[in-house]
Each structure stands twice: as C-alpha cells, then as structure tokens.
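Colleague: Just the structure for this:
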Amino acid sequence: MAGLLAVLSALFLLWGLRAPYGFILELRGGKLAALICVGAATGAATVLFQTVAMNRLLTPGIVGFDALFVLMQTLLVAALGGVGLAQVPEALRFVLETGVLMAAAMALFGVLLRRDAADVTRMILTGVILGVLLRGLSEMVQRMLDPAEFSVVQQAVVASFNRVDGGQMAVAGAFLALAMGLALRMAPALDVAGLGRATARGLGLNHDRVVMRALVLIAAMVSVSTALVGPITFLGLLAASLARQICDTHRLAVLIPASALIGAVILVAGQAVFERLLGMQSALAVVVEFFGGLVFLALVLRKVRT
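Modeller: I've put the predicted structure just below:
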C-alpha cells in the first residue's frame, strides 16, 4: 500500500506537467498533502472508533461531526453574508471550526461517559439524535437565506481539496501525524479493550481510561480533517472495511496504518482521475460517499444474513 501510494503520488504530481513547473508543482504538492493527511486521518480514526464501539458498521461521522460542520457554515453565511465570510482570514476560520468541533466532541464524550466508558452505545445513539437535530436546524436557517448566500453554503459544505491553505496544511499535518503516532502507541492496549470492558478489566487494563484517550484522538483527527476540507462521512468506513479484508487480522498495529494508507490511496487515485480524465465534472466527495454507502449497505445485509 505504501508503494502504491508513492506511485499514485508521483503520477498525481507529474501527469501532464507543463511550465511553469515550480508553480504547478507547488499547487499540486499542497493538494496532495491534503489528500494524504485527510485520507489517513479518516481511515485511522474509523478503525479506532469501530474498536471502541465494538461494531464494524460505524464511522465517527455518525455522531454528528458532519452535521455540526454544515450548521457552522450555514450560521457563518447567515451572520456575515457571502462577502463577509470571504473576508474572514482562512487561518482564523480553520482554528475556529476545529475548536468548535473538538469542543462539541469532548462535551459529548465527557458528559455521557463522565462516570465510566461502559455505555458507548448510549453515546453513539445520542450523537445520532444530535446529528438529526443539527441537520434540521441547518435546513431551517438555509430556507431563510437568499439564493446567492444559499449557493455559498452549498459550496462550503461539500468537501473540496482546492481551497487548502499552505499554512493550515502544515499545522494540520503536524497535528495529525502526532495523533497517528499516539494511536499506534495505544494499539496494544486497544487490542485488549476491543475484547470488551469486562474481559479487559479482568486482564488488568484500565478500560475506561484507554477508551477516553482513544475518543480524544478520534475527535482530534476527525475535527482537523473536517475543518481542513469538509466532511467525507463514509470514506473511513470504506478504508477500514478494505483494510480488514486485505490484512485479515484484528491487530490494530496493522489495521491502523493499513486503513490510513488505503484512505490516502482512495483520495489520491480518485482526485487524479477526476482532475486528469474527467475534467472535474463532479466532486470526489460525492463519489466516495456513494461507494462508501454501498459498502455500508453490503456490511449491514451480510450481518443480517449471518
């Protein structure tokens, strides 16, 4: 997977390269870095979330990250207008969105799991209900916008790798690399936590502490990647499912990097095809969500049959 990612990255950078070489390579390099970071963070966060929840059908987006992001964009446009939003510095907007997403995630995790981490299912169901509520609020506010401002919202809520700032990418890349390293360091403990709370505690693991630390890492990776490019809900499910099929193991020390690499490969290959072959006639996020949704349905139906 690492070799395939390297080949795809070279093709993405050099395919159809023309003068001015430096300028084009700089643009493509920034976009490539965003594709790799977002794909890797989303894939790794999904494997962690599935381990904590003990369910392979779930993805972190199910607890409402995407709905909160859409509501934030809608409220910003409603308050500032399309022109006012364009005048907000990109760095300030990135920090604000990341901070709100992180604060919301930690409030959800901290309040519902305040005593212990035994009731992860209740946390997930609460996140689903909150996501429905936030989507309803977003739609209500969007109905009050004029058509021009509504088009700004529609453009802002679709994941795009064409508006990533270099400074944001450097900060996000360093942050995500740190989170990935911490996740790999926690992999052995999470292998035990994935056996269930009672079994893990019987083996001497502080299950609640490990789960809370994992949820903090999940919130950090999903918040940064969502604030950077926008929500891609089913990318992580697609990457995690492929990683489990290819690796055929339950060890997170293997599944975390495998899922991260597969997520990056999907985004880099998909963006290359859309830009070089299809002339940007659609959005990569739309296709990823479509195939991810099909994988989700396949997993559900297979589980029902078994």
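
Colleague: use CA for all of it now, contacts and neighbours both
Modeller: OK.

Colleague: and the closest residue to A240 other than its chain neighbours, how many residues sit next to it?
Modeller: Leaving aside its chain neighbours, A240 sits nearest to S259 (5.1 Å; criterion: CA to CA, 6 or more residues apart in numbering). Counted by other CA atoms under 10 Å, the residues lying close to S259 total 33.

Colleague: and the helix or strand that S259 is a member of, how far from the chain's centre?
Modeller: Assessed by DSSP states H and E, S259 sits inside helix 252-276. Centroid separation for helix 252-276 versus its chain: 12 Å, with CA atoms, centre = their mean, to the nearest Å.

Colleague: What residues of that helix count as buried?
Modeller: Using 16 or more other CA atoms under 10 Å as the test for burial, helix 252-276 gives 252-272.

Colleague: what do you get for stretch 207-218?
Modeller: Neighbour-count burial for stretch 207-218 [16+ other CA under 10 Å]: H207, D208, V210, V211, M212, A214, L215, V216, L217, I218.

Colleague: isn't the fourth one right next to V52, touching?
Modeller: By that I understand V211. Yes. Between V211 and V52 there is a contact at 6.3 Å, judged by CA atoms under 8 Å.

Colleague: so S160 touches A227, yeah?
Modeller: No. In this structure S160 lies outside contact range of A227 using CA under 8 Å: 10.9 Å.

Colleague: circling back to that earlier point, could you export the buried residues of stretch 207-218 as a markdown table, including pLDDT?
Modeller: Formatted as a markdown table, the buried residues of stretch 207-218 follow (pLDDT from 0 to 100):
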| residue | pLDDT |
| --- | --- |
| H207 | 84 |
| D208 | 83 |
| V210 | 90 |
| V211 | 87 |
| M212 | 86 |
| A214 | 91 |
| L215 | 87 |
| V216 | 88 |
| L217 | 91 |
| I218 | 90 |
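
Colleague: just to revisit the earlier point, pick out whichever of S160 and A227 has more residues nearby.
Modeller: Between S160 and A227, counted using other CA under 10 Å, A227 has the larger neighbour count: 23 against 20.

Colleague: Which residues are in contact with the more buried one?
Modeller: F69, F94, E97, T98 (CA atoms under 8 Å, 6 or more residues apart in numbering).

Colleague: Out of these, flag the one nearest to Y21.
Modeller: Set against Y21, the nearest of the contacts of A227 by CA to CA is F94 (29.1 Å).

Colleague: That closest one - how many residues pack around it?
Modeller: For F94, the neighbour count with other CA under 10 Å is 19.

Colleague: ok, the most centrally placed residue in the chain - contacts?
Modeller: By CA atoms, centre = their mean, the chain has its centre lying nearest to T42, at 3.8 Å. T42 makes contact with M221, V222, S225, L235, G236, A260, G263, according to CA under 8 Å, 6+ apart.
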